[in-house]
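# quick check, what structure comes out for this input:
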Amino acid sequence: MVSSRAATIPEYLAALAPDRREVVSVVRDLVNRSLPAGFEEGMQYGMIGWYVPLSRYPDTYNGQPLGIVALAAQKSYLSLYLMAVYGSERNAEFERAWAATGKRLNMGKSCVRFRSLDDLALDVLAEALGWMTPEQFIARYEEVRAATASGRRAAAKRSVAKEKATEGSATAKTLAKRGAAAAKGAASTAAKASAAKKKRAAGTKGGGDQAAAKEKSSAATQGAGKKTESKKAAVKRMGSGTEVSGEETESKEAAAVKGKGAGKKGAGKKATSRKKASAGTPRAGRRAAAKTATSKKRASGKTRGAGEETGSKKASAKKRAAATERGGKKAAKSPAKKRAAATERGGKKAAKSPAAKKAAGTKSAAKQVRAAAHKASKT
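The predicted structure follows:
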């Protein structure tokens, strides 16, 4: 068999003689029209071939595509290889159909030999070419190969490979399940850690809120304490004002008493002078008596005015003291005033101390001195 080194079908046809190229081209078109879909055309074994591509069926005995038809130009004739007819139960059917055309069949085991188109029964060839689809051809190939020693070895290898693939698939599935379980456990652990972290953060935030609330409460307590101290200080200032008012009243009373005593003493002196003047000169005595009477009236008016003014001041002082006392009583009813009263009582208790008693004795002695002076002035 002549084998071409052409890499493509156009190169193969270009290398043929014109008359042979024409015959090969007609047969090639017949094959392309008659074969079922799924086969591919290309150069195979130095001939124009039609085969099952390796992408469809790679498990062949030699690693080459599984060929079903081939067309070649030999040295003295042309050959058409029909693998669908070779070794088939339909081989006899093919021979009978060819004989019915009246043409002589020149055929080996699988190839039909011819020199021109007149040697071929084209209708019989077209029918035979459509007998097998790619799936049917693959099934037949595997059946025939399984009957050979090489086929049995190949089948055993495929079985082992299949078992390994099954085991590998099972192992892969097991590993995938373990991986999924591990991932699920990791996700659960991460979720628990995240929840614990959020819980701790919430607790920290709650502690911060409690601390802030305590600080606010402490600040409010301090503010209330300051307000209480301010109120106490105000009450103390009111008490001090009352004491000052009392002292001023006492001072005014003492001044009024002294003024009254001084007025009477001046009146006595003037009366003595008047008597002396009257005893000396009658006329001058009368004038002096008149002046003395006028002076007396004036002094008496001034004394009465001073007494009335002093009485008015006393009345005003008493009214203010009463108002202060009433205000103090009203203020004493509030919680702050009660606390101030308690503080004042504490001050009174403190007044019983030796230093306070000494100060009280000093004040009493001063009052006694003023009383003695007042008495002496009356005398």
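# longest strand of the protein?
Among the segments of the chain that qualify as a strand by DSSP state E, the longest is strand 66-73.
# that one pairs with which strands?
Strand 66-73 pairs in its sheet with strand 47-52 (antiparallel), strand 78-82 (antiparallel), by DSSP bridges.
# list the buried residues of that strand.
Using 16 or more other Cβ atoms under 10 Å as the test for burial, strand 66-73 gives Leu66, Gly67, Ile68, Val69, Ala70, Leu71, Ala72, Ala73. No exception for glycine: its C-beta is placed from N, CA and C like everyone else's.
# and for stretch 114-127?
Buried residues in stretch 114-127 (16+ other Cβ under 10 Å): Phe114, Asp119, Leu120, Ala121, Val124, Leu125.
# from one end of it to the other, what's the distance?
Here the two ends of stretch 114-127 are set 18 Å apart, with distance taken as Cα to Cα, to the nearest Å.
# likewise stretch 103-112?
Across stretch 103-112, first to last residue, Cα to Cα, it's 12 Å.
# next: stretch 7-19.
End to end - Cα to Cα - stretch 7-19 spans 22 Å.
# could you dump the buried residues of strand 66-73 into CSV and include pLDDT?
Listed next are the buried residues of strand 66-73 as CSV, based on pLDDT from 0 to 100:
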residue, pLDDT
Leu66, 95
Gly67, 96
Ile68, 96
Val69, 97
Ala70, 97
Leu71, 97
Ala72, 96
Ala73, 95
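# tabulate those (TSV), appending distance to Gly151.
Compiled in TSV, the buried residues of strand 66-73 are given as follows (distance: Cβ to Cβ, whole Å):
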residue	distance to Gly151
Leu66	14
Gly67	17
Ile68	18
Val69	23
Ala70	22
Leu71	28
Ala72	27
Ala73	33
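# nearest to Ala190 among those residues?
Leu66 (54.6 Å; Cβ to Cβ).
# and that closest one, bridged to which residues?
Going by DSSP bridges, Leu66 forms beta bridges with Val52.
# settle this for me: it is touching Val52, isn't it.
Yes. Counting by Cβ atoms under 8 Å, Leu66 does reach Val52; the two are 4.4 Å apart.
# list residues touching both of those two?
Here Leu66 and Val52 share the contacting residues Phe137, Ile138, scored by Cβ atoms under 8 Å, 6 or more residues apart in numbering.
# TSV for the strands paired with strand 66-73, including mean pLDDT?
TSV is the format used below for the strands paired with strand 66-73 (pLDDT from 0 to 100):
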stretch	mean pLDDT
strand 47-52	97
strand 78-82	96
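# select, out of those, the one closest to Ser377.
With respect to Ser377, and counting by Cβ to Cβ, the nearest of the strands paired with strand 66-73 is strand 47-52 at 155.7 Å.
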